[in-house]
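[1] Let me see the structure of the following:
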Amino acid sequence: MTSEERGIGYWEEHASLADWRDAREKEILAGRAVGMHVNPALERAGVGEQLTDPRQLHQLHAYRLTGDSPLRGAGLDLQKLFGWDLGTIDFYGNLLSQHGGVAIGIDQGLDQGER
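    Numbers count the residues shown, from 1 in each chain. All right, here's what the predicted structure looks like:
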């Protein structure tokens with residue numbers, strides 16, 4: 001299985017995401033580079049929060065975006081581009097329309113100072 005098929009480290013044989021993008025013609029939409037290789041700035045990723053009740057998934061705070069995450073507002077408007085209905089709320093129950101842009105990932109919610 002190739003690294004691309006695994007989906008992890010799929011561009012490691014290239015010097016950068018930009019080099020991989022150019023070689024594979026991926027992560028491009030309407031001639032514009034859309035992929036990112038950044039630290040997502042998650043609140044506490046990997047701290048080992050354990051939940052034993054699936055009804056409490058909304059309390060899994062480790063994977064919320066910090067207020068200065070580069071993923072905030074960096075997502076594509078999939079409804080506008082492809083007609084995909086994303087629903088009205090994110091993983092945490094935040095309204096998808098409460099901020100101007102679309103974030104990448106499960107947390108579309110409030111900035112740190114607003115929580």
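[2] Quick check: T52 vs E43, distance?
    Counting by Cβ to Cβ, to the nearest Å, the gap between T52 and E43 amounts to 21 Å. Bear in mind the C-beta positions are built from the backbone N, C-alpha and C, glycine included.
[3] and those two? which has more neighbours close in?
    E43 (16 against 5; other Cβ atoms under 10 Å).
[4] Isn't that one up against H61?
    Yes: because the distance of 5.9 Å satisfies Cβ atoms under 8 Å, E43 is recorded as touching H61.
[5] Give me the below-cutoff pLDDT ranges for this structure.
    Applying pLDDT under 70 to the chain flags the ranges 1-12, 97-100, 109-115.
[6] Now do the longest helix anywhere in the chain: distance to the chain's middle.
    For the chain, the longest helix by residue count, based on DSSP state H, is helix 17-24. Helix 17-24 sits 20 Å away from the centroid of its parent chain (Cα atoms, centre = their mean, to the nearest Å).
[7] Following the chain past it, name the next helix or strand.
    strand 28-29 (DSSP states H and E).
[8] Name the strands paired with that next one and say parallel or antiparallel.
    Paired strands of strand 28-29, with direction, are strand 32-33 (antiparallel) (DSSP bridges).
[9] I'd like the next helix or strand past the strand it pairs with.
    Note on strand 32-33: by DSSP H and E, the next helix or strand toward the C-terminus is helix 78-82.
[10] From the rest of the structure, what touches that following helix?
    For helix 78-82, contacts defined as Cβ atoms under 8 Å, 6 or more residues apart in numbering pick out L29, W84, D85, L86, V102.
[11] Could I get the CA-only coordinates of that helix as PDB?
    Only the C-alpha atoms of helix 78-82 are listed here, as PDB (Å, rounded to 0.1, in the frame of the first residue of the first chain):
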ATOM      1  CA  LEU A  78     -19.100  22.900   0.600                       C
ATOM      2  CA  GLN A  79     -22.700  24.000   0.200                       C
ATOM      3  CA  LYS A  80     -21.800  26.800  -2.200                       C
ATOM      4  CA  LEU A  81     -19.100  24.800  -4.100                       C
ATOM      5  CA  PHE A  82     -20.700  21.400  -4.400                       C
END
